[in-house]
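**Student:** Fold the stuff below for me.
(one chain, ligands or ions: 2)
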Amino acid sequence: MRKINFIAAILILIVTQNTYAQYYTTAKTPQRIIINLTETPAISMAVTWRTVDEINKPEVQIAEATNWTEFEKNTRSIYPQSKKFITDKKFEVFQHSAIMDGLKPNTLYVYRVGGDSAWSEWNQFRTAQDITAPFKFIFLGDIQNSLKQHCSRVLREAYKTAPDAAFWLLPGDITDAPLDDQYDELFYAGGFIFGSTPSILTADNHDNEYLREDGSIVTDNKGRKIKSNVPSTMFLEHFTLPENGMPEYKETSYYVDYQGVRMIVINTSKTKKLNEQVPWIEKLLANNPNKWTVVSFHHPFYSAGRDRDEQDTRNAFLPVFDKYNVDLVLTGHDHAYSRSYKLRDGTKVPWNKKGTVYVVSVSGPKMYAANSNYNNIMEKTGGNTQLFQVISVDRGKLIYESYTPTGSLYDSFRLSK
Ligand SMILES: [Fe+2]
Ligand SMILES: [Fe+2]
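**Tutor:** Numbers count the residues shown, from 1 in each chain. Ligands and ions are numbered 1, 2, ... in the order given. Reported below is the predicted structural model:
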């Protein structure tokens with residue numbers, strides 16, 4: 001009897017240990033997994049992740065999704081670029097980045113990342129169609145502050161509202177500062193969504209590196225730390241974004257053609273020379289085979305926040321946006337909401353005429369007092385409301401809907417052409 005008890009105890013111990021081992025997180029376990037659109041979203045997808053320990057053979061495994069686990073017999077391995085990264089708290093970690101390429105359009109894939117016997121879960125994503133076809137995407141203004149406490153529910157409500165969104169778009173101020181604890185909160189808030197719904201982002205303003213002289217951060221006369229115009233390595237190492245823009249704006253100015261929409265993302269860091277990006281933008285607008293054009297950047301033409309005016313951004317880009325009839329401009333920065341009528345040269349035009357709708361939105365909890373300077377060209381303005389936007393494009397129709405975190409419709413309009 002005693003012998004049986006002893007064997008049972010050993011068996012329980014083995015089973016418990018094995019079960020525990022399956023869930024145990026080690027320093028080799030992939031963290032902060034995020035997929036990003038590439039410039040060819042029908043045939044590839046980018047993935048980035050972190051491990052605390054160095055991985056001898058980091059790897060992505062990918063297969064076409066099946067209804068059971070048999071896809072595991074048909075995986076293909078892709079090997080990432082991995083590099084040591086020293087965080088602001090001087091911790092040594094490893095960032096891994098890979099392009100999952102050679103994919104089929106409009107196909108559901110499963111992938112996992114890892115190596116050295118420590119793997120992520122299998123995540124699913126669908127590649128874009130290689131033709132014009134209806135889809136929706138989510139636009140989130142500055143998330144930036146209190147990411148865990150106050151952005152988690154917004155991101156999750158956005159996911160519940162449009163779980164089938166093809167991608168998420170974020171126009172900068174991803175965190176308040178490029179610090180590791182804030183990125184930890186960002187990935188806490190995004191959770192599994194980041195690993196299964198691709199995103200495109202730009203680095204701007206708060207995402208930039210601090211200005212340093214002789215290794216020390218430069219401060220202004222009020223002791224505030226000054227930002228440079230260079231995207232932080234924290235941003236660049238956490239995302240793998242298209243590099244089809246100007247070389248000096250790598251991964252922060254680029255474009256993606258998605259099922260009939262040209263998405264152009266521009267870095268508008270104020271200390272950058274905005275005019276030097278105009279010929280690149282004009283080329284993209286002049287040679288655009290897509291029916292729709294959506295442009296996104298950080299600093300808006302028509303500020304929604306009091307005492308702000310982004311004249312330099314407006315002067316640089318407005319003439320080309322008008323000339324080539326950009327449909328929709330999605331921006332952040334002002335921590336308030338404003339959505340214009342259809343405009344041309346800063347003036348209201350009828351909805352059935354050519355023009356552009358300009359949006360400033362905010363998803364995080366930081367709020368500024370609203371600006372009334374542009375009320376004559378705004379159909380909806382507001383403040384003290386965290387928001388997310390669901391934008392659907394179906395052939396000649398674009399439907400824009402802005403929602404609050406409690407699920408109410410806050411603003412909407414339609415474009416037709
Ligand atoms: Fe900003
Ligand atoms: Fe901001």
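
**Student:** domains for this structure, by residue range?
**Tutor:** 31-126, 135-416 (automatic domain parsing).

**Student:** want to throw those into CSV with mean pLDDT, mean neighbour count and distance to ligand 2?
**Tutor:** For glycine as for every other residue, the C-beta is placed from the backbone atoms N, C-alpha and C. Listed next are the domains of the chain as CSV, based on pLDDT from 0 to 100; neighbours: other CB atoms under 10 Å; distance: least, CB to the ion, whole Å:
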stretch, mean pLDDT, mean neighbour count, distance to ligand 2
domain 31-126, 97, 17, 20
domain 135-416, 95, 19, 4
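
**Student:** out of the ones you listed, nearest to ligand 1?
**Tutor:** domain 135-416 (3.6 Å; CB to the ion).

**Student:** Please see if that closest one touches ligand 1.
**Tutor:** Yes - residues of domain 135-416 contacting ligand 1 under CB under 5 Å from the ion: 173, 205, 333.

**Student:** Report the beta-bridge partners for residue 115.
**Tutor:** Under DSSP bridges, the beta-bridge partners of residue 115 are residue 118.

**Student:** Show the contacting residues for it.
**Tutor:** Taking CB atoms under 8 Å, 6 or more residues apart in numbering, we find residue 115 in contact with 28, 55, 56, 57, 58, 59.

**Student:** Do a quick rundown of the helices in this protein.
**Tutor:** Ranges of helices within the chain are 2-23, 152-161, 180-196, 233-238, 278-286, 311-323, based on DSSP state H.

**Student:** Ok, which of these comes nearest residue 414?
**Tutor:** Proximity to residue 414 (CB to CB) singles out helix 152-161 among these, at 17.8 Å.

**Student:** neighbouring contacts of that closest one?
**Tutor:** 138, 140, 143, 165, 168, 188-191, 193, 197, 363-364, 386-388, 390, 403, 405-407.

**Student:** one more time with 10 Å
**Tutor:** Helix 152-161 is contacted from outside by 136, 138-140, 143, 146-147, 165, 168, 185-186, 188-194, 196-197, 362-365, 386-390, 401, 403-407, using CB atoms under 10 Å, 6 or more residues apart in numbering.

**Student:** rewinding a little: Serialize the helices of the chain to JSON lines and add fields for distance to residue 373.
**Tutor:** Formatted as JSON lines, the helices of the chain follow (distance: least, CB to CB, whole Å):
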{"stretch": "helix 2-23", "distance to residue 373": "55"}
{"stretch": "helix 152-161", "distance to residue 373": "27"}
{"stretch": "helix 180-196", "distance to residue 373": "32"}
{"stretch": "helix 233-238", "distance to residue 373": "31"}
{"stretch": "helix 278-286", "distance to residue 373": "25"}
{"stretch": "helix 311-323", "distance to residue 373": "12"}
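
**Student:** mind checking which of the ones you listed is nearest residue 221?
**Tutor:** Residue 221 lies closest to helix 311-323 among the helices of the chain, at 23.2 Å (CB to CB).
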